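Peer 1: Whatever this is, show me its structure:
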Amino acid sequence: MTAGAGDGADGPGGARWLRRARVAGAVAVVAALAVAVPLAPRWVEASRPEAPLAAPGTVEVSTECRTRADGGLDHPDFLLGDASWARFCVVGGSYPRPIGSALVPDTVLSDGAAALVGGWQRSEGPVGPCRPTPSATKFAVQVGFDDGTVAEVYGETSECAAYTRPGPGTRVVPGGRVFRELMTALALEESGGSGGAGGSVAPAPSPTCPAAPPALPSAITRRPATGLAATGVAEAVVCRYDRPGADPVGTPLRPTEAERVRLLALGAFDPTPPACTPDPGAASYVVLLAGHDGATYDLGLAGGDCDAVRLDDQRLGTSPALATALAGLAAGTGS
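Peer 2: Numbering: from 1, shown residues only. Next up is the predicted model:
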């Protein structure tokens, strides 16, 4: 039997069948694309290999001091994160009162920074406001974290809580503690944990009391430079002069006592002392400090001149805290 015209692929019936097959195939393709296209970006995104996370501490960051104006203080929450470095910065760059800023070294603490700063990352002390201490001075510490961000801890060298930037200030541990701990850590790093910077510099000869205390200069200078800001103390002696012309009474200091005197000398002064009546009969003191840098430093305090302090031939002002400490150490009751 011969096939009819409508039964073959070449006939009208065959043509209609091919058209239906093509339309069905096209619809199937469109339907498949309609399903596949929306899913494709998600599949690609989910299949993209993630970039490897950087190991902690590998972020290359500058340890230079930043200012508030340039937006460089950007750590989101001081209470979180591991510190990679810490350093003192000029108070005038971030604090509204540059006068009365503490004397600080221009060095960076890297080894041990995480443990040191970790001790500051909590609130401590009374909840209410703290009365500023007249003899305290201002300081600012900037802390760099492993992710490259930087925060600032600022306050005064007293028992008032320090605050943090950026954002609303978070209260942390007392400012005096922050100042003392970082100053001590930097001195230990500078001295290699022993005598001399990395053991290469011999300490100065053991200090002895001069026959008479050096005279205090008449001018008050607010921001002198001193090597005591950058060196720990190997040995020290406090000399008491009960009256003019009297022989000095010397008391050697333990290392912890010498470090306490060094920190009080650098961070506990009132640059604008109140009016007072000098007591000519009050004892005066000189402290001789042998630094790990091989130099000898002397610090004078005239009790008869309202606790006026001379540091490296400069007069900074008054320091009741230092006067109290020296009187106790010379009497053998200090700690």
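Peer 1: May I see the buried residues of the helix or strand encompassing Thr324?
Peer 2: Taking DSSP states H and E as the definition, Thr324 sits inside helix 320-330. With burial defined by 16 or more other C-beta atoms under 10 Å, the residues of helix 320-330 counted as buried are Pro320, Ala321, Leu322, Ala323, Ala325, Leu326, Ala327, Leu329, Ala330. All C-beta atoms are positioned from the backbone trio N, CA, C, and that covers glycine.
Peer 1: Show the pLDDT at Cys160.
Peer 2: Per-residue pLDDT puts Cys160 at 89.
Peer 1: how about the nearest residue to it once chain neighbours are set aside, what does it touch?
Peer 2: Spatial nearest neighbour of Cys160, chain neighbours left out: Cys130 (3.6 Å); criterion: C-beta to C-beta, 6 or more residues apart in numbering. With contact set as C-beta atoms under 8 Å, 6 or more residues apart in numbering, Cys130 has these partners: Ser158, Glu159, Cys160, Ala161.
Peer 1: Reformat those residues as a markdown table; add distance to Cys239 and secondary structure.
Peer 2: What follows is those, written out as a markdown table (distance: C-beta to C-beta, whole Å; DSSP: H, G, I helix; E, B strand; the rest coil):
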| residue | distance to Cys239 | secondary structure |
| --- | --- | --- |
| Ser158 | 28 | coil |
| Glu159 | 29 | coil |
| Cys160 | 32 | coil |
| Ala161 | 36 | strand |
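Peer 1: Pull the most distant pair out of the residues you listed.
Peer 2: For these, the maximum inter-member distance is 9.7 Å, found between Ser158 and Ala161 (C-beta to C-beta).
Peer 1: Now do the shared contacts for these two.
Peer 2: With C-beta under 8 Å, 6+ apart as the test, Ser158 and Ala161 both reach Cys130, Pro174, Gly175.
Peer 1: Reformat those residues as CSV; add distance to Val141.
Peer 2: Output for the shared contacts of Ser158 and Ala161, formatted as CSV (distance: C-beta to C-beta, whole Å):
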residue, distance to Val141
Cys130, 18
Pro174, 13
Gly175, 9
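Peer 1: Which member of these is positioned nearest Arg254?
Peer 2: So of the shared contacts of Ser158 and Ala161, ranked by how close each gets to Arg254 (C-beta to C-beta), first place is Pro174, at 23.5 Å.
Peer 1: and that closest one, what are its bridge partners?
Peer 2: Going by DSSP bridges, Pro174 is paired in beta bridges with Ala161.
Peer 1: That one: how many residues sit nearby?
Peer 2: 21 (other C-beta atoms under 10 Å).
Peer 1: just use 11 as the starting number from now, easier for me
Peer 2: With the count now opening at 11, the last piece we talked about shows up as Pro184.
Peer 1: Would you agree it is in contact with Ser168?
Peer 2: Yes. Contact criterion C-beta atoms under 8 Å: Pro184 and Ser168 qualify, at 7.1 Å.
Peer 1: Give the full set of residues in contact with Arg181.
Peer 2: With C-beta under 8 Å, 6+ apart, Arg181 has these contacts: Ser133, Gly135, Ala171, Ala172, Tyr173.
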